[in-house]
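Trainee: requesting a structural model of the entry that follows:
(3 chains)
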Amino acid sequence: MTKLQPVLSANWNEKDSFTIAGYTRIGGYKASTKALAMEPDAVIQMIKDSGLRGRGGAGFPTGNKWGFIPQGDNKEHYLVVNADESEPGTCKDMPLLLANPHVLVEGIIIASYAIRANHAFIYLRGEVVHVYRRVQQAIEDAYKAGHLGKNIGGKGFDLELTLHAGAGAYICGEETALLDSLEGFRGQPRLRPPFPAIAGLYAKPTVVNNVESIASVPAIINNGIEWFQGMGTEKSKGFTLYSLSGHVKNPGQYEAPLGITLREILDLAGGIREGHQIKFWTPGGSSTPMFTADHLDVPLDYEGVSGAGSMLGTKALQIFDETTCVVRAALRWTEFYKHESCGKCTPCREGTWWLVQMLQDLEDGKGTEADLTKLLDLCDNIAGRSFCALADGAVSPIISSIKHFRDEYLTHQRNGGCPFDPIASTLFKTVGA
Amino acid sequence: MTPEQLTEVEMITVVIDGFEVTVPKGTLVIRAAEKLGIQIPRFCDHPLLSPAGACRQCLVDIEINGRAFPKPQASCTIPVEPNMIVKTQLTSPVADKAQKGIMELLLINHPLDCPVCDKGGECPLQNQAMSNGRPESRYEGVKRTFEKPVSISSQVLLDRERCVLCARCTRFSDEIAGDPFITLNERGALQQVGIYENDPFKSYFSGNTVQICPVGALTGASYRFRSRPFDLVSKDSACEHCASGCDMRTDIRRGKTLRRLAGDDSAVNEEWNCDKGRWAFKYLTSRERVATPMVRGDDGELHEASWPEAIAAAANGLRTKRVGVLIGGRATQEDAYGYAKFARVTLGTNDIDFRSRSHSKEESSFIAGVVTQSTTTYKDIDKADQVVLLGFEPEDESPIVFLRIFKQVKKRGIQVISDAPFASRGSKKLKAKLVKQISDISGLTDKSVVLVGERLAETPGALSAAVDLANMNNAKLAWIPRRAGERGAIEAGAIADLLPGGRPVSDLAARVDIQTAWSVDSLPTNPGRTTEEILDALNLDETNINALDAVVVGGVDPMDISTTALSKLLNTFVVSLEISHSSITAIADVVLPVAAVVEKSGTFLDWQGSPRAFEKAIEDALTRSDVRILSMLAEEIGAPIDLPTVAATRREIAAIGKWDGAKSEFVKVAAKPATISGDKLLLTSWRQLLDLGSLQMGEANLAGTARKAVAYISEGRAAKIGVSEGDLVKISSEQGSINLPVAIAQMSDENIWAPRNSEGSQLISTLGFVSGEVTAVKA
Amino acid sequence: MNFTPEQLEIMDKIIARYPRSRSAIMPLLHYVQALDGYVTPRGIETIAEKLNLETAEVTAVSSFYTQYRTEPAGEYHVGVCINTLCAVMGGDEIYKSVSEHLGIENHETTKDGKVSLERIECNAACDYAPVVMVNWEFYDNQTPQSVKDLVDAARAGNPPAPTRGPSKLRTWKENSAVLAGLSDGLANEGLSAGEATLRGLNISKGAGK
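Mentor: Take a look at the predicted model:
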C-alpha cells in the first residue's frame, strides 16, 4: 500500500484546480465558513492541538505562533505569508500556488480571523510571473465571492489581502528580512527581540507563516484534529510535500505523512536514474547538512532528520548520483550564499567571499590537507557568529561534504584538478556541449 | 542622576568575567562591561545610535539562570538581565576565538594602506586588530577593490575598500540628522556606502560621519592627507558659530588649527556638531587678518603703529568725548564684560549694545525682563510634549537644538509647531505644523516649550505675544539667539538696560552692587541707547545734547544692521577692535587687532545661559583678547577697568554673580500686523546655516554643500507671475533687486521667502531690509 | 522626460494598496521597469518624490534586489539556473552554449536588444531541472539545443510558449507590469500543474488506495 497521502495535491490534476470554481467544487471555502463560526481563540487552540508545525524549514508549532499575538491590545495585527520560496532544492510552494492558490487564500482567512488580523499579505518571490497571476486572480475572485473584504460571510470580519512581489533576494525568506522588505527597505534581518509577534510589520503584532503551513489549515479545520494526528509521527504530525529532484527517474512532488523515508519515496518514484547509485542528498534544501546512502532509512520528520545530524528544512530532497563532484556542488552552493548574503554582518559577508575562493582552489586541485583544516576552522568562525541563519546554512554543505567525502577533496589535489567529467552528470550527455 | 530618577530605574547586577557590576535595567552588556573597565572590541556599536549587531566583533559568552546561550552573543545588542553571567574574551576561549575570527574576516578585504590613511594612529580597526586580532592573517585570496576615493560631497570623501560596513554613518544620517542621503547600497560582499548619483551628501551634519567612522573610509576633504594624529595637540574648546553651545576639540599642529571635532557633552551636543562648527575655521588664517595696530595718519591712510602709539591715539580720540560702544554678537563673556565695564567706568555711558542685527526696544525690554530670568534648558526639550518655534528655524539657526528636537520627534512623536511662512527642510523633518500667526497656536501645556528666535524682534508685538502664549499655558520659554556671544553679552551687561549679572541699570540697589564691585563712586544713570540709536546719535549735530562724538566698535559688520549703518560711522572717530580687515577697519581711525577664538581664553554662554569656558588653544599666539586691550585703553584714558587678563575678568564676573533682586518688567507692545499693498508680497528671510557669513570665509569645501539660494513662493503666485520651479524671479524693493530661481511651496500667495545672506541673495545690501514689502515678477 | 499623468495615476493606485506608502517601493520599481526596461533615474526620482523619501533611500532598495536592473533588459530576458542541482544536471552546459550562441555574457544584452542573459539562482522548479526562465516564465527540462532554439525563435519574434505559463510569452516589460500588480488577464491560461508536480498524485492514484 502506498504511503503517499495527497491532501494539498489531491485536486492538482483537475484542469481548473486553480480557479475558484474548481476549488469550490472540492469543498473549498467550507473550512473558512466553519472557522468564522468559531471563536478565534478556539481556532488557535485547534491548530495548536493539531500539532501542525511550520513547513518553511524551522518547524515551529504554527498554533503557538498564532497564540503569541497579544490580544485586546487595540493594535492592528498582520498575517504575512512567506511565499519567497528560494532555498536551493525547494520547489513545493510555487507548484502549489500555481495549481491551487485558493487553498492559501482560505487558510489566510482562517489564520487572520484567529489572530484578529484585518490585513494580510502574501510576499511572493518575484521571479515567478505566472504564479503571481494565479494568486492575484484567486484573490480577485475571492473578493468577488465575498470571501475577502468587508463583513466576510456576514460574520462582521473584515480582511484585506495584498499580494506583494519580491525582486530577487533569498534573504527575504528570513522572516524579519521579509518584513523589512515588505515595509519598503532593504531585505536585511532585524534584531530580535522584539519578535514579530510583538513588533512585526509596521511594528505591529505579526504572524509570518510559510505557504504550505497556511495551506494546510483548511484541511485541519475541515477534517479535524484526529484526522490530522492520524498521520505522521509522534512529534511531527500530518502530511507534507516532499520535493524530489536530481538524478532520479521521476522527480516531482510527493505528498506523504511526515516520517516517510527517502528509501520509501525512491521506491515509489522508481529509484535513481538508470545505471547509477545515490551518492549524496539533501533532506531539506542546501542549508541542511547533506546525507549519503547511509541515511536512506532516516525518518523524514523533524526529529528523525535532526537526530541524524541534519534538518528537515523544506523537505527538498535533492538527489545526486556518483557522477557528481561533491566539491563542485559545495562550491556552487557557496557561490549561491555569497550571492545572497545581505551584507549586514561580517562573518557572512566576508566569510562567504573567502569560502568561495578556498573552495575554488580545492576544486581546481590547488588545495592541500592543511587548507581543509583551515577551511573547517573558517567555517567554525562563521557558523553561529552571524546575525541570522543564512551563514549557518552556508557552511553546512561544506562541513557535511568534508565529513562524508574528505578524501574526494584531497583527490582533487592529487589529480591536479577535478577528477569528474561534468558532462556525465547532465541529463543529456549524448547531446553534449 | 537625581534621587528621583534613581528610585525610578530598576538596577540589575550581573557578573562579567567574575566581577559583579550593578547597572540600570536596559543597559547593554557591552556598556556594563565598560563600567568594570573591560573593553569588548566593537565597530558598529555606538552609544547614541540604535544597536545594529552588524559587525559581530563584540561576541561574548552569556548564561542566564545557569542556562548558557548555545553560541556567543553580540554584547552590543543584549541588555543585562538578572542572574546573567558574561564571559568576554578575557575569560572565555570561545569568545576570544570568535572575536579573533571576526577580526580576521574584517581584515581580509581591508587594504594595508595604514601608512597613508588619515585614520592611521587613531583607528579603532588598527587598534583593535592589535589588541584582539590574530598576529597574522591566513587570507591568501584576492582583495575586494573599488575605485577610490569617491566624493560623496564637496567635503566628504569615501574610500569604499576601507569600509567595514558598520553602518554608523548611515544610521547617524538617518536616525540623528534625518538626512538619509547616504545609504548602504548593493548587497553581500559588494555592499557599500553610497549616495544617489545625482544627489550628494548635503547634510548640515555630515562631518559627524567622518568622526564616528571606525576606519578611514570617510574623510574630510579639508583634512585629508594634512597631518598625522600623533603630530596634533588637542585642546578643549567651544564653538563660536552659534548659541547651541557645542563642546569642541581643536587639533593644532605648530600653531595652526588643522581640524575641529565635536566634543562630548551629553547635556548639550551629546557627541555631535554641525558642519559649520566643524569645518569653518579657515577665517583664522585668512590673509585678511589684521596683523598689527594701525592708526590713520594725516594723509588719511592707515599706517602700522606700535601698541603704545595706537593705544595713545585711541585714548586721545576718546578722552572727554561722548562715546558709544557697539559690539558684535561673537564676543566672549569676558570680552563683553570688558566692553560693558569700559562703557560705564571709562566712558561713563550706558550707550552700549551687542546687537549688530535687527533689533527693537521691545526686544531690549524682553531681554531684561524675560531672557535674564529664563531657566529653560535642553532637558526641557527632552521632556516636552510640544515644541513651538517662533521666528526660529533650528536647523539653520541653532543646529544642535534641531537635533535635540528631532530626537524627540523620532522617539516620542512630539508635536512641533512653527510660525514659518513655509515648511523648510528642517520643518519637514520635524513634521512641524505651520501656523500663520502666534494667536493661532493652542493646546500647549506646562510640558510645552516655546523657543523664540532673535528674528521675532523684527515683528512688532511678536515677542509680547510669545510671552503671553507661554504664560497662558505655563509653558517653558527660551530665547535662542543665533550668535554664540549674545547670551553672554547679556549677562556681562553689554546692553544699555543691564549691568552685569542681569542687574537693571534703573535699579539703585543693582547699581550699588556694581559700584561696590568696581570700586567706583557712581555709575551712569542716563538711559542707554540701542545700536540703531547710537548710530543715529553719531550723526547728530555736535551741539545737540544727544549727539555722540566717537564710537568703539568690536566685531561688527555694519551690513548686518542696515544699508546705512556704515555711512553713519563715516564722520566720527572710530576705534575698531577687529580680527580681520573689514568695512569698519577701512574707515576706522584706530584699528586694534584682537585674538580669534582659538588664540584666547574665554567663555561662551549658550542659549540656556550655561557657560562653556575654553582656554587658549594656540599657546604662542601673540594676539590679545579684547578685554586686555580695553583694559590698556582704559588705563591710558585715565579711568582704568583693571581687567589685565581673562582670568582676572573671570574672577570678577564670578564675584559679582547673578542679580537676585527685583527683575525689570517686560513692557509689552501691541502687535502691528504687517500690511501689504496691491499686488505686492511680504518678503521674509532667515540666514541659512551655510552662507556668506564672515566666519565661513576661505572654506570652499564647506561652501560646496550650502543650500542653493532660491525664492519660495506659492503655486498660485507662481502661476500669477508666469513662472514655474527653477525659473528666475526678480524681487525688488525701493532700493534694489535680486534675481533668484523659484521654488514652489505650500504657502500664502502673499508671501515670498529668500535666504538672508546667501550667494546671490544678500538682502540687506540689495533690497535694504531682511523683511518687508517687495514686488516679484518673472525675470 | 516625465511620466504621463496616467502613469503617475497608476503609481498612486499602487501606493494605495498599502497601509504605509513606503511599502509600495518594490511594486513601483517593478512598474518603472515595465515602462523603462530598467530602473531609470527618472524612476528613482519619481518614486522618491511620491513616497517622500530621499533618492538615496530608493537606490538603496533597488540595488539590493537582483531583479531590478541598472541597464535595459532585452525584450526576452533569459535566465539560466546555475544553482547546484540545475548546474550539475546541465545548467552549466546550457549557459555555456547559449552564451556562446548569442555572443553575450552574464548581464549582457544582444545588440538588437532582443535577448539578455543572466545566470540565475534556484527558481523553485528543481523537479523540472535543468530550468530556464524567460521573462520569469518557466521553461522546464531544457537542453542546450532547446535553449538555442528558444532564443533564435525569440529573436525572430516567435518564442515558444512557457512550459507552465500563458499560451504566449509576453515581453520583459509586460511581465514587469504583472509583478507591479497590473493584471494582464492571463491567469487562466496554461496548465494547472506540470508532469512532475503531479507525479506523487498520479502514483498514489495508480496504486489505487
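Trainee: can you pull the pLDDT of the residue minimising distance to the centre of chain B?
Mentor: Per C-alpha atoms, centre = their mean, the C-alpha nearest to the average position across chain B is that of residue B:242, at 3.3 Å. In this model, residue B:242 is scored at 97, pLDDT.
Trainee: go on, residue B:771?
Mentor: pLDDT at residue B:771 comes out at 93.
Trainee: my guess is it contacts residue B:676. True?
Mentor: No: applying C-beta atoms under 8 Å as the test, residue B:771 and residue B:676 come out as separate, 11.4 Å apart. In short, each C-beta sits where N, CA and C put it, glycine included.
Trainee: circling back: what's the burial count for the residue lying closest to the residue nearest to the centre of chain B once chain neighbours are set aside?
Mentor: When the adjacent residues along the chain are set aside, residue B:242 lies closest to residue B:398, with 5.4 Å between them (C-beta to C-beta, 6 or more residues apart in numbering or on different chains). Per other C-beta atoms under 10 Å in any protein chain shown, the neighbour tally for residue B:398 reads 27.
Trainee: run a quick neighbour tally on residue C:195.
Mentor: Residue C:195 sits with 17 neighbouring residues when counted by other C-beta under 10 Å.
Trainee: please apply the same query to residue C:206.
Mentor: By the criterion of other C-beta under 10 Å, residue C:206 has 8 neighbours.
Trainee: how far away is it from residue C:97?
Mentor: 37 Å (C-beta to C-beta, to the nearest Å).
Trainee: what is the neighbour count of the residue of the stretch 351-500 of chain B found nearest chain C?
Mentor: Nearest to chain C in the stretch 351-500 of chain B, going by C-beta to the nearest C-beta, is residue B:428, at a distance of 8.6 Å. Counted by other C-beta under 10 Å, the residues lying close to residue B:428 total 13.
Trainee: got phi/psi on residue A:60?
Mentor: Here is the backbone geometry of residue A:60 (degrees, to the nearest 10): phi -80, psi 140.
Trainee: swap in the one 3 residues further on?
Mentor: Summarising the backbone geometry of residue A:63 under the convention degrees, to the nearest 10, its torsions are phi -60, psi -40.
Trainee: close enough to count as contact, it and residue A:45?
Mentor: Yes: in this structure, residue A:63 is within contact of residue A:45 by C-beta under 8 Å, at 7.2 Å.
Trainee: more crowded one of those two?
Mentor: residue A:63 (20 against 17).
Trainee: what's the burial count for residue 156?
Mentor: Just so you know, I chose chain A. Neighbour count of residue A:156, defined by other C-beta under 10 Å: 9.
Trainee: hmm, no, I was thinking of chain C.
Mentor: Residue C:156: 9 neighbours (other C-beta under 10 Å).
Trainee: follow-up on the earlier one: tell me the contacts of the residue nearest to the centre of chain B?
Mentor: Contact partners of residue B:242, counting by C-beta atoms under 8 Å, 6 or more residues apart in numbering or on different chains, are B:274, B:276-277, B:397-399, B:482-484.
Trainee: ditto for residue A:82
Mentor: Going by C-beta under 8 Å, 6+ apart, the list of residues near residue A:82 reads A:56, A:123, A:173, A:175, A:178, A:208-211.
Trainee: I'm done for today, thanks for sticking with me.
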